[in-house]
Every structure is written in structure tokens, then in C-alpha cells.
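Trainee: Return a 3D structure for these sequence lines:
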Amino acid sequence: MKENSFPQGEEGQCGGTGFEIWKPHVVSEFILLGLSSDWDIQVSLFVLFLIMYLVTVLGNFLIVLLIRLDGRLHTPILHSPMYFFLSVLSLVDIYYTNSTVPQMFIDFLSSWKSISFHGCVLQLYVSLAMGRTEFFLLGTIAYDCYVAVCHPLHYTLIMNGGLCLGLAAGCLVAGFMNSLMQTIIIFQLPLCHNIINYFACEMLAVLRLACADISFNMIMVAISGFLVIMPPCFLVLFSYACVVPTILHICFSQGCLKAFGICTSHLSVASMCFGTAFSSYMRPVSGSSTEQEKTVAFFYAIVTPILDPLIYSLRDKDVIGALQKVLGKFSQKG
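Mentor: Below is the predicted model of the structure:
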């Protein structure tokens, strides 16, 4: 067994049956148990996740590229803030997926699934930052939709270019600052061992390695979850509580149906993101098993970034039109 690989006791405790009470150790690497120890299952999961990973990255990159290439969708920001926020959301999904999934691919094909201490810190920091930024972006997109539907005459005045850039920057700063605070608090704890019963360096999984009382950390997780999840969630609920009645009161013309389709698409994505976050961080740890947490984390890390472009972007007629336009240019050149 490699250095710093300590016997695995009962999860979340500093000792195990037949061993003395563990003392804190200096950890240079972590061992990830992953999703399965069976080789055939690991190969199958590798193929499945590789397909999903390629769809996620290429799909989100395609959204950013289309918005960039089609002048109607990005020039200027003043006329298309929704597509500006959508491109930022797609970039966040790309970075979030790349913070955890490539490490999973390495582990699937390796007999020794390990990650360095600093690599674990970086992975946790980036994944937390991107996940929290996405919550704030979803709330911002909901607000943009609210202004567009409920205050159409003042839309260009309210959602000006400076405000859009400021909101996007604010989402990123808030996400990274919250992640930095959580990462520092977690990795200051003394660790009993370095075996993570997870497929990545996830916040709750790393907390279970601590030899110290983690009551304060769990309180901070709850407070962090409230500050990061609840305000954007309330903003989404408030926005669409105003948007839906407004649309229904106007008419069922083409424009109304388009606006209603955009709203339902956004609500679908927001419901999945906030739902998985509630399942992970807004309920007692004692009320969930590690396997349940793995399933929720897998859904949030792999499935949600795929559904963002499929549900939220590619259902938009303007985005589809931009895609057809680009494909038409390539076909003419060919």
C-alpha cells in the first residue's frame, strides 16, 4: 500500500473495529473508491460517461460558438442579454464538467485511483465555484425574463450592457468567494485517513475524513447552502410567478407561445439544478447514505450540464436558426 494510505474504518469516524483510535495524519494524496470496483462495470461506465462528456462539452461549446458567430444573438449585449447570459452559463457548465469528469476517466482505467492533495483542493474549489456561479446565473436569467415580459417598454433601458456585464461578473465573484471560504474551512481540518468513498473530491465526502468535531463545518455548509441556493431560487420563483400570469393575460399568439416556451425551458433547468442542490446540501447528512449522495452528485455533475444546451438552448428558434445558418455556409463551401 502506498504512503499515506491508512486503514479504512467506519465512515465518518476516526477509528474502526480492531484498530486504535486514529490520529491526524499529513496527507499527500487521496484514494478515491469511485463508483464501482468491478472492472467490467468500470469499462462500461467509462464508455457511457465519455459519450455524455463529449455531448456536454461539444453541446455547450456549440451554444457559445453560435451566439458568437451570429451577430443577431450577441451584438450588442444591449439587444440580446438573454443570449449573453446563456453563453456565460454554457462556459460555466464546460468548466464545471472538466473539473471532475476527466479525473473520473483516469480512475476508471486505473487500478490505483488517487489524486494529489493539491489536486483535490483545486478540484473541490473549482467545482464548488462553478456550481455556485450557476445558481446565481439561473437567478439572473430569470430576472432578465421577468423584465422582458413584465416591463417590455423599459427592457433595453433596464437591461443595459453595463448591468449585464456587472451581473455576470457578480455571479462569478460570488461563486468563487463562497467556494474559497468553504475550501479553506474544509482543508484546515485534521484528517484521520485519505480514503474518499466517492468519485471526486466532494465537500461532504472530504468532511467525513476529519478527526475533529465537524459541527461548525456542517453549520457553515448549511449557511452557505442557504445563501447560495435560496436567494436565486426565490428570485426564480418570484420572476415566473409574475411572468406566467402576464403571458396568459396577453394572448396565445406566436410571440406569447415563444415566451412561454422559453420560460418552461428555463424552469426545467432551474428545477433540476436547485432540486439536486437541495438534496445534497439542505438536508441532514444522517438522513442520506453515501450511495444516495453519489447518485445525486452524478446527476448534477454529468446529467445537468448535458440538459442545459438540449433543453434550454436548442429549443430556442433563434439558436436553431443560427445553427442552420452556420451549417448552410459550410455546405455551400463544400
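Trainee: For whichever strand or helix holds residue 143, buried residues please.
Mentor: Here residue 143, judged by DSSP states H and E, is contained in helix 117-150. Buried positions in helix 117-150, judged by neighbour count with 16 or more other CB atoms under 10 Å: 117, 120-121, 123-149. Every residue, glycine included, has its C-beta placed from N, CA and C.
Trainee: got it, and stretch 213-232?
Mentor: Neighbour-count burial for stretch 213-232 [16+ other CB under 10 Å]: 214, 217, 221, 224, 225, 228, 229, 232.
Trainee: The fourth one contacts residue 177, doesn't it?
Mentor: Spelled out, it's residue 224. No: Residue 224 lies out of contact with residue 177 (CB atoms under 8 Å); the separation is 10.8 Å.
Trainee: Of the buried residues of stretch 213-232, just say which sits nearest to residue 90.
Mentor: residue 232 (17.8 Å; CB to CB).
Trainee: If you drop the residues flanking it in sequence, what lies closest to the closest one?
Mentor: residue 139 (3.1 Å; CB to CB, 6 or more residues apart in numbering).
Trainee: Okay, that neighbour and residue 229: tell me how far apart.
Mentor: According to CB to CB, to the nearest Å, residue 139 and residue 229 sit 10 Å apart.
Trainee: Then residue 244?
Mentor: The gap separating residue 244 from residue 229 is 22 Å, by CB to CB.
Trainee: excluding its backbone neighbours, what's nearest residue 146?
Mentor: residue 239 is the one closest to residue 146 (CB to CB, 6+ apart), at 3.8 Å.
Trainee: likewise residue 85?
Mentor: Nearest to residue 85 is residue 141, by CB to CB, 6+ apart, at 5.0 Å.
Trainee: quick one, helices of this protein?
Mentor: 39-69, 71-74, 81-108, 117-150, 155-158, 161-187, 203-207, 215-250, 254-281, 290-298, 304-307, 317-333 (DSSP state H).
Trainee: lowest-confidence stretch among those helices?
Mentor: The minimum mean pLDDT among the helices of the chain belongs to helix 71-74 (a mean of 58).
Trainee: Now do the contacts for the residue nearest the centre of the chain.
Mentor: Central residue of the chain (CA atoms, centre = their mean): residue 131, 3.5 Å from the mean position. Applying CB atoms under 8 Å, 6 or more residues apart in numbering to residue 131 gives the contacts 96, 175, 277, 300.
Trainee: Equivalent analysis for residue 126, please.
Mentor: 95, 96, 99, 179.
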